[in-house]
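Asks: What shape does this take:
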Amino acid sequence: MKTVAFSMENLCVPCGCRCRHCLLGFDGNTVGAGYEQGKALARRLAAESPIQFSYYIGFCMDTPMLFDHIAFCREIGSIGGRFLQMNGFRERSYDELEDLMERIKSSGVELIDLTFYGLPEYHDAFAGRRGDFSLLTKMLKAANNARLPVEISAPITEDNAGQLQRLLDIFSEYRTDSISLYLPHAKGRGRFLEEKRLRSSTLEQLPATVREHMPKVKTQSEAQWLSENEFPVPDERQLTLSLTPENFERYSVMSAENIIGELEALDDAFYAAVPPAAELAKLYGDPSGDRLYRYRDLVLLWTKRYVNENNIKLHDMTDERGHFSVRY
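Replies: Modelled structure (predicted):
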C-alpha cells in the first residue's frame, strides 16, 4: 500500500448549516486546535512532508481569517489557495456578497463550489436553515458579476430526483462552469440517507438533461457490481491527520515522517481487521440490489456493516471526523 498524499484538517471554523448528509456531522461545536496553532504546524509539515501535503481549516470557510488562509494555502501549495467550497456562510446583503466575491477572485482563487439540494423549500429543510437557497443564488449572481468561475454540485436521491430538471432550469439563468450531480456518501450523517439512495429504475425515468450531469466515475446498481464479480484491491491511499486541542501538543513536536508513519499504522491495523471486498460481497452483497453506488461507496457500506456487526474497536479510518484514509 503506497501512501501518495498527506493532509491535515483543523476544524476550527463553524458552519451555518446542519446538512442532512454532513460529511463531518457538524453539531455546532468546533473541534480544531485553533487557527494560529494549526497554521504554524501546517507550515512545518508542508516543508517536511516527503509527499504531497494539503491543509484545511473548517466545517465551513466563513471566517475572518479567510484571506489569510487563502494566502497561506497558496504559499504551501495547498488546494485551498485555488478552490473554495462556499456552503454554510452566514447571511449577507447582496452588496456584501459582491465585495466578498471580488476579494475571493483577487486573492487568486480560481473556482468556487455551491451545493444545492433541490428546490427552495426542500433545499432549506435539507440544509437545516431557512433562506439558505436564496443565499446561494445571491452568491451565484455575485460570483457571475465578479467573473469568478462557479461549479454547481447537487446530491441526487430518491427524494429530490423529481426536482432536478426544474433546478437545472433555474441554473440556466446564470453562468456556471459545470453542474455535477453526485450520489451522497455514507459517511457522517450521510449514513442516514441510505434508504433514500437513488435507484437505477428511478434514474432511467429521468430526462436526459438530468442524466447527463450524473458522475463520470462508473456508477451502477449493487446488482450490476456483483454480476461483474470484479473487486479490485486498492494499492494507494491518502492519509489525513485530524488536529484537536487534545493532540496538538503531541503532534507539534513530531516530524511529518513520524506522523505519516503513525497514520499508516492506524490504517494498516484497521484494514487488517476487515476482509477484502470480494469476501465482503459474499457476506453482504444483494444480487437484486437496485440502489446506485460508486464502487468505493459500496465497499464502504459493506465495511461499516462488518465493523459494526463484529464490534471492531480499532480507530475507524473511514470516519472523516477523526484521522482517516481514502484508499483507491
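Asks: From now on I want contacts and neighbour counts done on CA atoms only, so please keep to that.
Replies: Fine.
Asks: State whether T115 and L140 are indeed in contact, as I suppose.
Replies: No. Contact criterion CA atoms under 8 Å: T115 and L140 do not qualify, at 10.7 Å.
Asks: Have a look at these two and say which one is more surrounded.
Replies: Between T115 and L140, counted using other CA atoms under 10 Å, the more crowded position is L140 (27 against 21).
Asks: In what element of secondary structure is that one found?
Replies: According to DSSP states H and E, L140 maps onto helix 132-145.
Asks: for the chain, what spans make up the helices?
Replies: 35-48, 66-76, 94-106, 120-127, 132-145, 164-171, 200-205, 208-211, 222-228, 248-252, 256-272, 277-284, 295-309 (DSSP state H).
Asks: Tell me the gap between the fourth one and the middle of its chain.
Replies: Here helix 120-127 shows a centroid-to-chain-centroid distance of 19 Å under the convention CA atoms, centre = their mean, to the nearest Å.
Asks: and it, which residues are buried?
Replies: Using 16 or more other CA atoms under 10 Å as the burial criterion, the residues of helix 120-127 that qualify are P120, Y122, H123, D124, A125, F126, A127.
Asks: residues in contact with the second one?
Replies: Residues touching Y122, when contacts are defined by CA atoms under 8 Å, 6 or more residues apart in numbering, are absent altogether.
Asks: tell me how far the strand of greatest length in the chain is from the chain's mean position?
Replies: Ranked by number of residues, the top strand in the chain under DSSP state E is strand 2-13. Taking CA atoms, centre = their mean, one finds strand 2-13 lying 13 Å from the centre of the chain it belongs to.
Asks: Isn't K138 up against Y94?
Replies: Yes. Taking contacts as CA under 8 Å, K138 lies within contact range of Y94: 6.6 Å.
Asks: what about those two, which has more around it?
Replies: Taking neighbours as other CA under 10 Å, K138 and Y94 compare with K138 leading, 18 against 14.
Asks: Tell me how far the more buried one lies from L100.
Replies: For K138, the distance to L100 equals 12 Å [CA to CA, to the nearest Å].
Asks: Could you check the angle the helix holding L140 makes with helix 94-106?
Replies: Helix 132-145 runs at 50 degrees relative to helix 94-106, counting by axes from the mean of the first three to the mean of the last three CA atoms, to 10 degrees.
Asks: so what's E9 bridging to?
Replies: Y56, S242 (DSSP bridges).
Asks: quick one: it and Y56 touch, right?
Replies: Yes. Here E9 reaches Y56: they are 5.1 Å apart, a contact under CA under 8 Å.
Asks: so V109 sits right up against R82, yeah?
Replies: Yes. Assessed by CA under 8 Å, V109 is found in contact with R82 at 4.1 Å.
Asks: Tell me the residues that contact both of the two, please.
Replies: With CA under 8 Å, 6+ apart, V109 and R82 have common neighbours I70.
Asks: how many neighbours does P184 have?
Replies: The burial count for P184: 23, using other CA under 10 Å.
Asks: Now do it against F192, distance only.
Replies: Taking CA to CA as the measure, P184 falls 10 Å from F192.
Asks: who touches both of these two?
Replies: With CA under 8 Å, 6+ apart as the test, P184 and F192 both reach H21.
Asks: Now the most centrally placed residue in the chain: closest residue in space, sequence neighbours ignored.
Replies: Nearest residue to the geometric centre of the chain (CA atoms, centre = their mean): L23, 6.1 Å. Leaving out its chain neighbours, the residue that sits closest to L23 by CA to CA, 6 or more residues apart in numbering is G188, at 4.5 Å.
Asks: What of L136?
Replies: L114 (6.9 Å).
Asks: Count the residues that sit near that neighbour.
Replies: L114: 19 neighbours (other CA under 10 Å).
Asks: thinking again about what came up before, give me the residues contacting the helix holding L140.
Replies: Here helix 132-145 has contacts from 87, 91-92, 94, 97-98, 101-102, 114, 116, 119-120, 123-124, 149-150, 174-175, using CA under 8 Å, 6+ apart.
Asks: Is there a quick ChimeraX command that grabs whichever of these are buried?
Replies: Burial among the contacts of helix 132-145 is assessed by 16+ other CA under 10 Å; the matching ChimeraX selection reads:
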select :87,97,98,101,102,114,116,119,120,123,124,149,150,175
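Asks: Pull the distance from the helix holding L140 to the chain's centre.
Replies: Computed by CA atoms, centre = their mean, the chain-centroid distance of helix 132-145 equals 21 Å.
Asks: Which positions within it qualify as buried?
Replies: Neighbour-count burial for helix 132-145 [16+ other CA under 10 Å]: D132, F133, L135, L136, T137, K138, M139, L140, K141, A142, A143, N144.
Asks: Pipe those into a markdown table and attach distance to S201 per row.
Replies: Formatted as a markdown table, the buried residues of helix 132-145 follow (distance: CA to CA, whole Å):
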| residue | distance to S201 |
| --- | --- |
| D132 | 31 |
| F133 | 29 |
| L135 | 34 |
| L136 | 31 |
| T137 | 31 |
| K138 | 35 |
| M139 | 35 |
| L140 | 33 |
| K141 | 35 |
| A142 | 38 |
| A143 | 37 |
| N144 | 36 |
